[in-house]
Structures are given as structure tokens and as C-alpha cells.
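> Sequence isn't available, so here's the structure alone:
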């Protein structure tokens with residue numbers, strides 16, 4: 001599943017765009033470099049019932065922003081994406 005597909009599925013499950021979840025994480029201080037992924041995963045599980053795979057996609061965005069490694073763009077790997085920049089503003093507004 002691509003990183004973008006994980007984010008789209010998170011929106012389906014929570015009703016929140018990835019950007020809204022990133023903002024909520026920042027309000028809790030989870031973007032601080034000292035915060036470990038496990039802490040964020042626990043929050044995502046308890047508040048939004050997100051599993052590890054979906055949670056780790058959000059952890060990436062919370063900690064590193066929407067850029068992903070270009071090696072995933074156009075590849076045939078499991079995390080292949082069409083762009084090296086993830087769309088955070090919701091599926092309804094995503095450019096085609």
C-alpha cells in the first residue's frame with residue numbers, strides 16, 4: 001500500500017484529513033524530536049483506533065513532513081507512490 005493510500009484510508013476511518021491529524025499531533029507536542037514513534041502510535045490507537053501501519057504513515061508526516069523518498073515514486077515496491085509529496089488536505093481536494 002502506498003503512503004498516500006495509507007493517508008487516504010486514515011481519512012476514511014477517522015473523518016479527519018491527514019493535515020488535521022498532524023495539527024492535533026503538533027498541539028500535543030508530538031512533533032518534538034524527542035518524542036518517540038511509540039508514543040504517537042499509542043495516541044493514534046487510543047484516540048482514533050489506528051493500527052501500526054496506518055500510524056507509521058502518520059508518524060512519518062508528523063516527524064518529517066509530507067516529502068517521501070523519491071525511490072518510492074513510480075516504483076513497483078509496496079510503498080510506491082505517484083509523487084514524492086503526500087497530499088494532506090483530504091481526498092476531496094486532491095488533484096488528479
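All right, it came through fine. Only a predicted model underlies this, so the values are computations on that prediction, with no experimental measurement involved. Residues are numbered from 1 along each chain as shown.
> okay, which residue is most central for the chain?
In the chain, the centroid-proximal residue (C-alpha atoms, centre = their mean) is residue 58; its distance is 2.7 Å.
> Over to it: give its phi and psi.
Recorded main-chain torsions at residue 58 are phi -70, psi -40, according to degrees, to the nearest 10.
> How about the contacts made by it?
Counting by C-beta atoms under 8 Å, 6 or more residues apart in numbering, residue 58 touches 6, 7, 10, 18, 21, 22, 25, 40, 44, 50. C-beta: built from backbone N, CA, C; applies to glycine.
> and the gap between it and residue 7?
Applying C-beta to C-beta, to the nearest Å, the value for residue 58 to residue 7 is 7 Å.
> Equivalent analysis for residue 31, please.
Taking C-beta to C-beta as the measure, residue 31 falls 17 Å from residue 7.
> Those two: which has the busier surroundings?
residue 7 (26 against 17; other C-beta atoms under 10 Å).
> Surely that one is in contact with residue 59?
No. Between residue 7 and residue 59 there is no contact under C-beta atoms under 8 Å: 11.8 Å.
> any idea what sits nearest residue 95, other than its immediate chain neighbours?
Excluding the flanking residues, the one nearest residue 95 by C-beta to C-beta, 6 or more residues apart in numbering is residue 87, at 7.6 Å.
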